[in-house]
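Asks: Any chance you can model this:
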Amino acid sequence: MRLGIALLLSLLTLATPAVAHAQIEDYASYDAPRTCHAQPRAGTDYLGHWIVKRYGGSFGGISRPCTKKDGPTSEHQEGRAFDWTLNAGSPADRRRAKAFMGRIFQADRRGNEDARARRMGVMYLIWDDEMYPAWNGFEPEPYLASSCTTKKKCSKTLRHRNHVHVSLSRPGANGRTSWYERRL
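Replies: Residues are numbered from 1 along each chain as shown. Below you'll find the predicted structure:
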């Protein structure tokens with residue numbers, strides 16, 4: 001009897017790491033920028049370059065200047081956002097964006113919706129006049145930059161028609177979510 005209990009406990013102990021890896025992050029909530037951080041965060045830099053290597057396009061950068069007077073107004077200024085340069089008017093670039101979003105918003109084999117996006121720590125994406133926020137299950141919603149009165153009077157950059165903006169949660173930006181295991 002004792003041998004059976006010991007064997008059962010040892011099997012449960014061996015299974016624990018696999019169960020831990022099976023856990024998935026919850027959907028990220030909006031976490032406004034609070035501090036200026038001049039250097040890119042490890043997870044942000046890694047993910048941005050991984051996307052370009054895997055899907056094409058180019059890396060549009062992470063960091064943006066931050067003045068002490070204004071404080072941070074963007075996740076770029078905290079090293080938590082990057083721009084993936086694509087052209088919404090190009091059929092090839094539209095396919096790239098669609099392939100990437102299709103992959104990260106796909107359910108995993110355990111039925112976890114938006115599995116890769118959650119594991120990567122994606123907080124939201126903006127692309128081609130639409131925002132995909134994690135806090136709403138990445139359901140697309142119309143996007144218009146606050147500095148634009150209409151789409152017509154708004155630049156391609158502010159409309160995110162010449163890049164995909166990717167903002168990450170703090171754990172994602174720091175490479176401390178399950179997707180980054182054995183990558184960083």
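Asks: When you work out contacts or count neighbours from here on, use the C-alpha atoms and nothing else.
Replies: Fine.
Asks: Make sure residue 171 is indeed in a strand.
Replies: No. With DSSP: H, G, I helix; E, B strand; the rest coil as the criterion, residue 171 is helix rather than part of a strand.
Asks: wait, what's in contact with it?
Replies: The contact partners of residue 171, by C-alpha atoms under 8 Å, 6 or more residues apart in numbering, come to 121, 177.
Asks: Distance check, it against residue 50.
Replies: 17 Å (C-alpha to C-alpha, to the nearest Å).
Asks: Spatially, and excluding backbone neighbours, which residue is closest to residue 55.
Replies: Among residues not flanking residue 55 along the chain, residue 96 sits closest, at 5.8 Å (C-alpha to C-alpha, 6 or more residues apart in numbering).
Asks: isn't the one you found right up against residue 52?
Replies: No. Judged on C-alpha atoms under 8 Å, residue 96 makes no contact with residue 52 at a distance of 9.7 Å.
Asks: Looking at the two, which is more packed in?
Replies: Taking other C-alpha atoms under 10 Å, residue 96 and residue 52 do not tie; residue 96 has more neighbours (19 against 16).
Asks: State the distance from the more buried one to residue 39.
Replies: Distance of residue 96 to residue 39, given as C-alpha to C-alpha: 28 Å.
Asks: Centre-most residue in this protein?
Replies: For the chain, residue 122 is the residue whose C-alpha lies nearest the centre (C-alpha atoms, centre = their mean; 2.5 Å).
Asks: Next, residue 133: phi, psi?
Replies: phi -90, psi 140 (degrees, to the nearest 10).
Asks: That one: neighbour count?
Replies: Per other C-alpha under 10 Å, the neighbour tally for residue 133 reads 21.
Asks: what's the answer for residue 84, then?
Replies: 24.
Asks: How about residue 149?
Replies: 10.
Asks: So residue 170 is in contact with residue 79, correct?
Replies: No. Judged on C-alpha under 8 Å, residue 170 makes no contact with residue 79 at a distance of 9.4 Å.
Asks: what sits against residue 128?
Replies: Contacts of residue 128 by C-alpha under 8 Å, 6+ apart are 88, 159, 160, 161, 162, 164.
Asks: pLDDT score assigned to the fifth one?
Replies: This points to residue 162. If you check residue 162, the pLDDT there is 97.
Asks: Could I get the phi/psi values of the spatially closest residue to residue 37 that is not a sequence neighbour?
Replies: Distances taken as C-alpha to C-alpha, 6+ apart place residue 78 nearest to residue 37, at 4.6 Å, with adjacent residues excluded. Torsion angles at residue 78 (phi, psi; degrees, to the nearest 10) stand at phi -100, psi 0.
Asks: what residues are up against residue 78?
Replies: Residues in contact with residue 78 (C-alpha under 8 Å, 6+ apart) are 33, 34, 35, 36, 37, 38, 40, 63, 72.
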